[in-house]
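A.B. asks: here is a sequence together with a model predicted from it:
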Amino acid sequence: MALVAGRKTFAAGKTLLLRAGVWLGAEAAARGGNGARRFVSQRVLVESDVTAGIATIKFKNPPVNSLSLEFLTEFIICLEKLENDKTYRGLILTSDCPGIFSAGLDLREMCGKNLAHYAEYWRAIQETWLKLYLSNMVLVAAINGASPAGGCLMALSSDYRVLADNPRYRIGLNETLLGIVAPFWFKDVLVNTIGHRAAEHALQLGLLFQPTEALQVGMVDQVVPEDQVQSTALSVMTEWLAIPDHARQLTKSMMRKATADNLIKQREADIQNFVSFVSRDSIQKSLQVYLEKLKQKKH
Ligand SMILES: CC/C=C\C/C=C\CCC/C=C/CC(=O)SCCNC(=O)CCNC(=O)[C@H](O)C(C)(C)COP(=O)(O)OP(=O)(O)OC[C@H]1O[C@@H](n2cnc3c(N)ncnc32)[C@H](O)[C@@H]1OP(=O)(O)O
């Protein structure tokens with residue numbers, strides 16, 4: 001396994017510095033005789049079934065799989081590797097942290113840092129979303145835990161969502177509850193999934209849906225007992241992979257291109273918006289209060 005620090009080139013000629021310890025190694029980890037491979041990086045586990053052409057990414061950034069810059073960097077690299085390796089036609093996204101799919105953006109990346117950091121962080125968030133949303137692979141989210149805000153966006157960017165039937169696993173775009181505003185492209189993805197009226201309602205109130213409500217509103221496609229999430233995701237994947245790739249991929253692109261282009265054409269302005277919004281004193285205060293509340297919850 002190779003541990004490296006290097007540079008990753010992102011769109012618009014920008015670079016994101018890879019933190020030391022990021023896994024970039026070749027398929028170094030175990031390769032079984034049955035076509036199963038397991039790639040290991042610090043925060044992102046990749047298991048794959050070469051024969052079936054299916055990979056599974058497990059988020060492994062405890063305690064809550066927050067989307068820290070380090071996590072995003074590893075995640076983007078894994079996604080790129082899978083995307084460029086024609087062995088893989090399908091990708092299942094799930095979590096290795098019990099009870100949490102992802103807590104969304106890492107609030108510590110948005111608090112008390114400098115403007116350059118906010119810009120770098122937001123570019124990585126944009127890049128992650130574009131790569132997920134426009135992936136040529138079939139993406140199935142096996143949502144085995146709570147999935148607020150950015151966690152919900154990752155699920156919404158998949159082609160199909162299976163959620164574990166546990167009332168503690170709530171999913172939604174709750175940004176307004178933090179005193180912040182979901183960016184327009186989060187909103188666009190939600191509108192594309194649940195429709196304009198339901199999205200307006202959910203976004204303004206920052207609704208986090210329990211599984212049955214999420215199914216009802218169309219935020220997820222299936223709710224199944226917790227121990228059946230992975231097997232259901234796999235059988236959905238098999239169904240989707242029966243469709244010829246070229247036809248499905250062109251159709252996916254036809255459905256999603258306009259939404260992605262909307263961000264692509266104004267990426268820099270979107271970064272500037274984020275930086276100036278998040279660096280306001282009032283927003284910093286709201287985020288700090290929210291983080292403090294999360295910490296005090298335990299005591
Ligand atoms: C005009 C507009 C222009 C531009 C756009 C600008 C705006 C900005 C838009 C930004 C978009 C943001 C999207 C987001 O994703 S924001 C993040 C929202 N996330 C949340 O609200 C989730 C918060 N977390 C929780 O609700 C719970 O932690 C959770 C249900 C996930 C798990 O609960 P559990 O009881 O299991 O764990 P906790 O004890 O709560 O947490 C454990 C420790 O983890 C810390 N934590 C939790 N969430 C986060 C997070 N998102 N980031 C960083 N850290 C997090 C928590 O504080 C605990 O820490 P310790 O106490 O152990 O230190």
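C.D. replies: Sure, I can see it.
A.B. asks: would you map the helices across this protein?
C.D. replies: Secondary structure of the chain (DSSP state H): helices at 69-84, 115-133, 150-156, 184-194, 196-205, 211-217, 229-241, 245-264, 267-278, 281-296.
A.B. asks: rebuild these as CSV, extending it with mean pLDDT.
C.D. replies: Formatted as CSV, these follow (pLDDT from 0 to 100):
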stretch, mean pLDDT
helix 69-84, 97
helix 115-133, 98
helix 150-156, 98
helix 184-194, 98
helix 196-205, 98
helix 211-217, 98
helix 229-241, 98
helix 245-264, 98
helix 267-278, 98
helix 281-296, 95
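A.B. asks: how about the residues of the stretch 1-150 of the chain near the ligand?
C.D. replies: Residues of the stretch 1-150 of the chain lying near the ligand by Cβ under 6 Å from any ligand atom: 63-64, 66, 100, 103-108, 146, 148-150. Heads up, the C-betas are built off the backbone N, CA and C, glycines and all.
A.B. asks: out of the residues you listed, flag the one nearest to residue 277.
C.D. replies: Comparing those against residue 277 with Cβ to Cβ places residue 105 closest, at 13.0 Å.
A.B. asks: could I get the helices of the chain in a markdown table, plus columns for mean neighbour count and distance to residue 170?
C.D. replies: Formatted as a markdown table, the helices of the chain follow (neighbours: other Cβ atoms under 10 Å; distance: least, Cβ to Cβ, whole Å):
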| stretch | mean neighbour count | distance to residue 170 |
| --- | --- | --- |
| helix 69-84 | 20 | 21 |
| helix 115-133 | 20 | 21 |
| helix 150-156 | 27 | 9 |
| helix 184-194 | 19 | 15 |
| helix 196-205 | 15 | 12 |
| helix 211-217 | 18 | 8 |
| helix 229-241 | 18 | 16 |
| helix 245-264 | 13 | 25 |
| helix 267-278 | 16 | 24 |
| helix 281-296 | 12 | 15 |
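A.B. asks: out of those helices, the one nearest residue 141 is which?
C.D. replies: Among those, helix 150-156 comes nearest to residue 141, with 4.1 Å by Cβ to Cβ.
A.B. asks: need the max-distance pair from the residues of the stretch 1-150 of the chain next to the ligand.
C.D. replies: The two members of those with the most space between them (Cβ to Cβ) are 108 and 146, at 18.1 Å.
A.B. asks: more neighbours: the two, which one.
C.D. replies: Neighbour count, other Cβ atoms under 10 Å: between residue 108 and residue 146, residue 146 has more, with 23 against 13.
A.B. asks: and that one, what does it touch?
C.D. replies: Neighbour list for residue 146: 99-101, 103, 168-171 [criterion: Cβ atoms under 8 Å, 6 or more residues apart in numbering].
A.B. asks: now swap in residue 194 and tell me
C.D. replies: Counting by Cβ under 8 Å, 6+ apart, residue 194 touches 202, 217-219.
A.B. asks: tell me how far it lies from the ligand.
C.D. replies: According to Cβ to the nearest ligand atom, to the nearest Å, residue 194 stands 17 Å off from the ligand.
A.B. asks: skipping adjacent residues, who's closest to that residue in space?
C.D. replies: residue 218 (4.7 Å; Cβ to Cβ, 6 or more residues apart in numbering).
A.B. asks: that neighbour and residue 269, how far apart?
C.D. replies: Residue 218 is 31 Å from residue 269, where distance means Cβ to Cβ, to the nearest Å.
A.B. asks: surely the residue nearest to residue 194 meets residue 202?
C.D. replies: No: counting by Cβ atoms under 8 Å, residue 218 sits too far from residue 202 to count as a contact (10.8 Å).
A.B. asks: now do the same for residue 297: its pLDDT.
C.D. replies: Listed pLDDT for residue 297 reads 81.
A.B. asks: what's around it, how many residues?
C.D. replies: Number of residues near residue 297 (other Cβ under 10 Å) recorded here: 7.
A.B. asks: the nearest residue to residue 207 once chain neighbours are set aside: what's it in contact with?
C.D. replies: Spatial nearest neighbour of residue 207, excluding adjacent residues (Cβ to Cβ, 6+ apart): residue 172 at 4.9 Å. Residue 172 is in contact with 148-149, 152, 202, 206-209, 214, 219, counting by Cβ under 8 Å, 6+ apart.
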